[in-house]
Every structure is written in C-alpha cells, then in structure tokens.
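[1] Next come a sequence and a model predicted from it.
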Amino acid sequence: MSKSFCNNRSWLRPLLAFLILIGALAAAVSSHAAYNIWTSEYTLSKDELQTALTPQFPRKLRYMEVFEVTLSNPRLRMDESKNRLTTVVDALIENKLFGGAPVKGVLAMSSGLKYDAAARAIRLDAPAVDNVDIAGMPAQYAQQLNAIGNVAADQILKNYAIYTFQPEQLELKGQRFEPGAITVERDGIKVEVKPL
C-alpha cells in the first residue's frame, strides 16, 4: 500500500457516513419483521409480539353480571410444542353480588396463529384458557373460573392482529407473495412466504 494512500484519508469520511447510514437503516427496520431471503421467511421476535399484545391490557370484563374481572400485566410465552402463544396475565376478580375483598390470581390463555389475507395480518386464533390459578378460591368454583377465563380469551385475544404486513413486504419485482405456515419458536415466530 503506498504511503500517499495511507496518508490521504479522504476516503475515510464517505466510508464513515455510509456506515452510519447503514446503522440508522438497520435501527429503523429492526422494529419490523425481518425477512430472510435464503429461507423465504419473515421473523417476528418475542419482544415485537409482546409489544403488539400489550395495548390489549389492562382490560375489565363482566361475567354473568356477578363477577368483574380486571386483567393486567401481560407476559408472553412461546409454546413450541403446541405451536401456540401463551399470554399470562394477573387477574383481579370481584364478586359484585356478595361483595368482600377482591381475589387475586394468574390466568394463562393460549392462542394459535392464522393469516388473514384480506387484512394482510397475522391474527391470534382459537384462544382458550390453559390455567386459572386463584389463591384461596374454593375448588367448587373451578368451573366458573375456567368459564371466566374462556370469556376473557375470546373477548381479548380472538382474531387480534399481532402483525400487519405492508404491501411492499409481499411483493418483489412484480411478483406477489403470501404468508403460509406460521411456526412458533423459542424466541419468536417464523412466517413462511410463498409466491401466489
């Protein structure tokens, strides 16, 4: 390498500007699904999914005009074995008929995933209560608690869009694509993309 090339650093400023631009673009894109050109898949991280789910909470629900249920503090878990997402929330249940102190517990609801072509959205599908854990609640109320959990899952999670694709994400050089199989993994989900 010549001495004049080493001493002349005029190439350094454009290179640094280019690297800063690439970094800024990467940061801007990081909040959207990442596309892997080699596997034809979009990846959504667990953090992105958690962020999409958070606006649904806190929620207040009434059940049979007797119970008022407040659900808050959602935590997302990935269930790879069942290909489902599990939302765990804190539950506060008040009995409006008999009064008394509210009962606290935890509710776990799982959902499948489906693609809605008309809206270009990945939606939660077939939500169901997996577990209701209410401290101090007598066993004879287990059926009512499961019913409350299923109502909550249906009202809050059913068909909720966790990600919506932009039109340009599903088109390349005039070829249109559509999401196919959706796979739940330990750290997020993968969405297969196939040509129409």
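    That came through, no problem.

[2] how about the residue positioned nearest the centre of the chain, what does it touch?
    By Cα atoms, centre = their mean, the chain has its centre lying nearest to Leu49, at 2.4 Å. In this structure, Leu49 makes contact with 76, 85, 162-163, 188-189, judged by Cβ atoms under 8 Å, 6 or more residues apart in numbering. For glycine as for every other residue, the C-beta is placed from the backbone atoms N, C-alpha and C.

[3] Report the buried members of those residues.
    Neighbour counting with 16 or more other Cβ atoms under 10 Å marks 76, 85, 162-163, 188-189 as buried within these.

[4] Which two of those have the greatest separation?
    Of all pairs drawn from the buried ones among the contacts of Leu49, the greatest distance, 13.3 Å, lies between Leu76 and Tyr163 (Cβ to Cβ).

[5] Doesn't Ala153 belong to a helix?
    Yes: counting by DSSP: H, G, I helix; E, B strand; the rest coil, Ala153 is located in a helix.

[6] so who does it touch?
    Listed by Cβ under 8 Å, 6+ apart, the contact set of Ala153 reads 109, 111, 127-129.

[7] Which one of the residues you listed is nearest to Leu53?
    Using Cβ to Cβ, Ser111 comes nearest to Leu53 of these, at 9.8 Å.
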